[in-house]
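>>> everything below, folded, please.
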Amino acid sequence: MTPLPAQRSRWRIGPVIAAVLLAVVAAGVCGALGWWQWERAQSQGQIIVPGPPVPIADVDRPGETTRGIGRLVEVRGSWADAPAAYVPGRAVEGTDAVLLVLPLRVDADATGTGREATLAVLAGWLPADQVPATVEASGPVGLTGSLRSSEAVGTVQAGAEGEPLVISQMSTAALAQVWEAPVYTPVLEAREPYPGWNAFPPPPPERRLDIRSVTYAGEWWLFGAFAVFLAGRWIRDNGRVGAGAPDEPDASEVEQA
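Sure thing, here's the model as predicted:
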């Protein structure tokens, strides 16, 4: 018995190309609409207004895990009889700058622990070519500012008697080796700079995303992904001319006929 010739299977180029083009167009349109909704969610988001300052003891205490990063706090104490610190090599408003960090001895009744503690205060900045040789801070002071995270431990270079330290990173762990313990873990970025120094630019306003627009963006992206999925399934199920399907004869079959 003569075996039947094997049935050939091949892609139907025209329908496959059409399905791919439709999938690309649908995904592109849905992706663009989703991106537009995402940008709309950010531009129309609600501006988060920071709350009023709270006592530092309400959100952070020396020797405890920091809970108040980004919070606006108020603190009172006196500038400590300890060397200030300079942090060179920073850029502020496009200017090569040096940051000033001062030690504040927080009053015992303001720490929440019943004993004094040292708080690193980011007290201002100056262009690198305008930094004074010494900084002498003394006397009681009340400050308002936001708490920011300490940086990784870097190098600490001690100057001559009465000169500030030079630190590569704004690290309270490094300053704790020089300043009186206990030392707060975060750094306070003061709203009002130390006299003769520049204030830091205000941070950009924080926005809460518009949830409705975020939802719409997600829906458009899902529609695009679904269109690609449908095109892939259609090509898999219908893109081939398989066994038993009518097929056009090739040139050799025409000649034999």
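>>> give me the pLDDT for the nearest residue to residue 172 once chain neighbours are set aside.
Among residues not flanking residue 172 along the chain, residue 150 sits closest, at 4.3 Å (C-beta to C-beta, 6 or more residues apart in numbering). Quick note: C-beta positions are derived from backbone N, CA and C, even for glycine. pLDDT recorded at residue 150 is 89.
>>> surely residue 150 and residue 188 touch.
No - with contact defined as C-beta atoms under 8 Å, residue 150 does not count as touching residue 188 (11.1 Å).
>>> and the two? which has more neighbours close in?
residue 188 (26 against 22; other C-beta atoms under 10 Å).
>>> for that one, grab phi and psi.
phi -100, psi 120 (degrees, to the nearest 10).
>>> next one: the one 3 residues further on
With angles defined as degrees, to the nearest 10, residue 191 shows backbone torsions of phi -70, psi -40.
>>> how deep is it tucked in, by neighbour count?
Quick note: residue 191 (other C-beta under 10 Å) scores 15 neighbours.
>>> and for the one 10 residues further on?
Using other C-beta under 10 Å, residue 201 has 9 other residues around it.
>>> could you look up the SS state of it?
Here residue 201 is recorded as coil under DSSP: H, G, I helix; E, B strand; the rest coil.
>>> thinking again about what came up before, do you know how far the residue nearest to residue 172 is from residue 161?
From residue 150 across to residue 161, the span is 27 Å (C-beta to C-beta, to the nearest Å).
>>> now residue 85
16 Å.
>>> what residues are shared contacts of residue 150 and residue 188?
In terms of C-beta atoms under 8 Å, 6 or more residues apart in numbering, residue 150 and residue 188 are both contacted by the residues residue 120.
>>> quick one on the thing from earlier: the more surrounded of residue 85 and residue 161?
residue 85 (25 against 7).
>>> thought that one was touching residue 165?
Yes - judged on C-beta under 8 Å, residue 85 makes contact with residue 165 at a distance of 4.4 Å.
>>> dump the residue contacts of residue 157.
165, 166, 167.
>>> likewise residue 143?
With C-beta under 8 Å, 6+ apart, residue 143 has these contacts: 74, 75, 76, 104, 121, 188, 190, 191, 192.
>>> now stretch 146-160: buried residues?
Under the neighbour-count criterion of 16 or more other C-beta atoms under 10 Å, stretch 146-160 has 146, 147, 148, 150, 151, 153, 156 buried.
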